[in-house]
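*Asks:* Predicted model and sequence below, questions to follow.
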Amino acid sequence: MTRRPRTTRLSAIDDATASEVRDLLARAQNADGVEAVSESFRLAIGPAREGVVHLVRLDEDDAVVGYAQVAQAGGPDAVAELVVDPRHRRRGHGRALLDEVVAQGARSIWSHGMLPAATALAAAAGLVVTRELYVMGRPLTAEDAVDPALPQGFSVRPFQPGVDDERWVALNAAAFASHPEQGRLTVADLHERMAQPWFDPAGLLLVVDDTTEEVVAFHWTKVEHVTPSAVPRGEVYVVGVDPAYQGRGLGGPVTSLGLAHLARLGLAEVDLYVDGDNTAARRTYTRLGFRDTAVHAQYGTQTHPSADLTEPDRIAP
């Protein structure tokens, strides 16, 4: 008897299935030109984590053809992302996964790049755009390699693993108090990112108040491995300023510090993500030469507003 395609709900992903899912994500990224899922969701593919539900879509031959994840499951900010193998699209797998994440309580779903098929899938399900996240980018030049002058009384130094961990987490929580995802990062979350191949403590720049010796701002840069044929790119990963020090002229220079670090690494271009309604940040980045290159959308229902998250995810049919 022929088996029908089906979706399995898991609290953890074993190594073999995780490998299949990661291969699927890589194929989707190559086909679509955007990352299949966001970093926090990729890191959760594996052992059980509180509030994380995995949904694996299997075809008639038990091959993995789709994957979805719900984070913060069971809570009011439950958010999902899903993707279907490019070789198995337009067969109903995307809608099946979308229906399942909604059944699991997801209140919002991200679409990377607002791909036409993803937009059509969201519309067919009665979802509407509830938030936009812009990707901004620009070339890096020799002029960028020079560190900017900080306001008087401030200096910069690199992050020291094992020394600054708790201090950085506390500053990040204060700077992103209104962002449920970025603002709730723990020391364990920091250590997980520090364990990734791309992490470089020299690329996490801390700005210090010389009078109090407290860390009051930071710029965390990111450089992922690229293929020899790809344009070497850096990322403005996170920029944060202590609320008590906002309005003191640190935003622009702190951003430029990270650009200088990336430029000295010989990178050709730099990207960043910023909320569409974050007018002040977008104005700062525009002054620094950034221009919009893509937009991601968060989808939800009009009666169930979405959470204010910091990273985009995607719907793929």
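*Replies:* Yep, that arrived.
*Asks:* Partner strands of the longest strand along the chain, with direction?
*Replies:* Longest strand in the chain, counting residues (DSSP state E): strand 128-139. Strand pairing for strand 128-139, using DSSP bridges, gives strand 269-275 (antiparallel), strand 291-300 (antiparallel).
*Asks:* Could you identify the helix or strand that succeeds the shortest one?
*Replies:* So the one you mean is strand 269-275. Per DSSP states H and E, the first helix or strand lying C-terminal to strand 269-275 is helix 279-287.
*Asks:* Next, the angle helix 279-287 makes with the longest strand of the chain.
*Replies:* Calculated by axes from the mean of the first three to the mean of the last three Cα atoms, to 10 degrees, strand 128-139 forms an angle of 30 degrees with helix 279-287.
*Asks:* could I get the strands paired with strand 128-139 as a markdown table with mean neighbour count and mean pLDDT?
*Replies:* From N, CA and C alone the C-beta is placed, and that goes for glycine too. Shown next, in a markdown table, are the strands paired with strand 128-139 (neighbours: other Cβ atoms under 10 Å; pLDDT from 0 to 100):
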| stretch | mean neighbour count | mean pLDDT |
| --- | --- | --- |
| strand 269-275 | 19 | 93 |
| strand 291-300 | 18 | 92 |
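*Asks:* Adding distance to Leu55, write these out as CSV.
*Replies:* Output for the strands paired with strand 128-139, formatted as CSV (distance: least, Cβ to Cβ, whole Å):
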stretch, distance to Leu55
strand 269-275, 25
strand 291-300, 17
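*Asks:* hmm, back to that, give me the buried positions along the next helix-or-strand element following the longest strand of the chain.
*Replies:* Following strand 128-139 in sequence order, the next helix or strand is strand 154-158 (DSSP H and E). For strand 154-158, a neighbour-count test (16 or more other Cβ atoms under 10 Å) marks Phe154, Val156 as buried.
*Asks:* starting at the chain centroid, how far to strand 154-158?
*Replies:* Remark: strand 154-158 is offset 26 Å from the chain centroid, using Cα atoms, centre = their mean, to the nearest Å.
*Asks:* Which residues outside the next helix or strand after that strand are in contact with it?
*Replies:* Beyond strand 154-158 on the C-terminal side, the first helix or strand identified by DSSP H and E is helix 165-175. Helix 165-175 has contacts (Cβ atoms under 8 Å, 6 or more residues apart in numbering) with 159, 182-187, 190-191, 204, 206, 215-218, 238, 240-243.
*Asks:* Apply 7 Å and report the result again.
*Replies:* The contact list for helix 165-175, computed with Cβ atoms under 7 Å, 6 or more residues apart in numbering, reads 159, 182-183, 185-187, 190, 215, 218, 240-243.
*Asks:* Please indicate which of those has the highest neighbour count?
*Replies:* Phe218 (25 neighbours; other Cβ atoms under 10 Å).
*Asks:* Residues in a beta bridge with that residue, which ones?
*Replies:* Beta-bridge partners, per DSSP bridges, of Phe218: Leu206, Gly240.
*Asks:* Can you give me the pLDDT of it?
*Replies:* On pLDDT, Phe218 comes in at 98.
*Asks:* In contact with it, which residues are there?
*Replies:* Residues in contact with Phe218 (Cβ under 7 Å, 6+ apart) are Trp168, Leu171, Leu204, Leu205, Leu206, Val207, Gly240.
*Asks:* Confidence-wise, which of those residues comes last?
*Replies:* Ranking the contacts of Phe218 by pLDDT, Gly240 lands last with 94.
*Asks:* If anything else comes up later, I'll come back, but that's it for now.
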